[in-house]
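> sequence first, then the predicted structure:
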Amino acid sequence: MRFSTTTLALAGLLAANTAMAQDAPAKATECPVSEFTMGLRFQQQSAEVRALQRQAYNIATMRLDAAVAAAEDPAKLAVVTDLDETVIDNSALLARDLANCHMYDVWDTWLPWERDGTPTLIPGAKEFLDHANAAGVTIRYISDRSDEQKASTLATLEKLGLPQISDESVLLLGPPKTERRDIVSADHQIVLLLGDTLHDFDGRFRKTPLDEQKATVDQETAKWGAEWVVFPNASYGTWSEAPLTAWDAETVIEEW
């Protein structure tokens, strides 16, 4: 019996797909970091994440303009922002580690990245921060990057052309972020907090169970998009090991 080229190609493709499906569990065991692939692809490549980032900075700009218009002295106002995945995009590091089957959420490759990495800007970040700077508003960058490598982070931020970069304005890992925000609020009115992780906004989110975090999110409904502007981050977070909730009905497969 003779088969057409198309038939043989389809048969080969089916065999390859079957082999891949059978091999998937083994590969997942060999490379557990592969479970982050879809989330990281969404974070780095999707137009939807870019739209959400732009949307967040549009909201932040509107809120800032309203605060400046109502203030007697804009210099007494402060915007406090996180850095990673809020102002700068580190997904190239995560993609490299994922390709090497290296668990990037243990952060043992982060220190070399802080020194030598080349993060890019989150869309809308520079425009917003330049706008705040031009309005005379104080900017404070609060991040859990290494304080011992502060010079490297300052150099990176300066290279990216961000405003108000100085030893005083960039507050890195040491005291909890709550205490670093208190330093800012001692002589400024914080009108906006920006971040991708919920402890960028309130200490109640730090090292607490997800159910408690969700409850706090609901308790503070009025602050989201008003005083607190959250950015999407599908590549890592305290949710990454949470079990999924599935529909408990029997699976029924129908052809369209």
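Done, it's in.
> now do the same for the closest residue to residue 121 other than its chain neighbours: its pLDDT.
Closest residue to residue 121 apart from its sequence neighbours, by CB to CB, 6 or more residues apart in numbering: residue 160 at 5.7 Å. Where you see a C-beta, it was placed from the backbone N, CA and C, and this is true even at glycine. Looking at residue 160, its pLDDT reads 98.
> between the two ends of stretch 141-157, how far is it?
10 Å (CA to CA, to the nearest Å).
> list the buried residues of it.
141-146, 149-150, 152-154, 156-157 (16 or more other CB atoms under 10 Å).
> from those residues, which ones fall inside strands?
Members of the buried residues of stretch 141-157 lying in strands (criterion: DSSP state E): 141-142.
> out of the buried residues of stretch 141-157, which is nearest to residue 79?
residue 141 (9.6 Å; CB to CB).
> ok, that closest one touching residue 166?
No - applying CB atoms under 8 Å as the test, residue 141 and residue 166 come out as separate, 9.8 Å apart.
> which parts of the stretch 101-250 of the chain are strands?
Assigned by DSSP state E, counting those that start in this stretch, the stretch 101-250 of the chain shows strands spanning 120-121, 138-142, 170-171, 189-195, 228-230.
> direction included, what does the fourth one pair up with?
Strand pairing for strand 189-195, using DSSP bridges, gives strand 77-81 (parallel), strand 228-230 (parallel).
> then the third one?
Strand 170-171 has its sheet partners listed here by DSSP bridges as strand 138-142 (parallel).
> how about residues contacting the partner strand?
Strand 138-142 has contacts (CB atoms under 8 Å, 6 or more residues apart in numbering) with 75-83, 87, 129, 132-133, 157, 163-165, 169-171, 177, 180-181, 184, 188, 200.
> hmm, which of those residues are the buried ones?
For the contacts of strand 138-142, buried by 16+ other CB under 10 Å: 77-83, 87, 129, 132, 157, 164-165, 169-171, 177, 180-181, 184, 188, 200.
> tell me how far residue 107 lies from residue 236.
Note on residue 107: its distance to residue 236, by CB to CB, to the nearest Å, is 9 Å.
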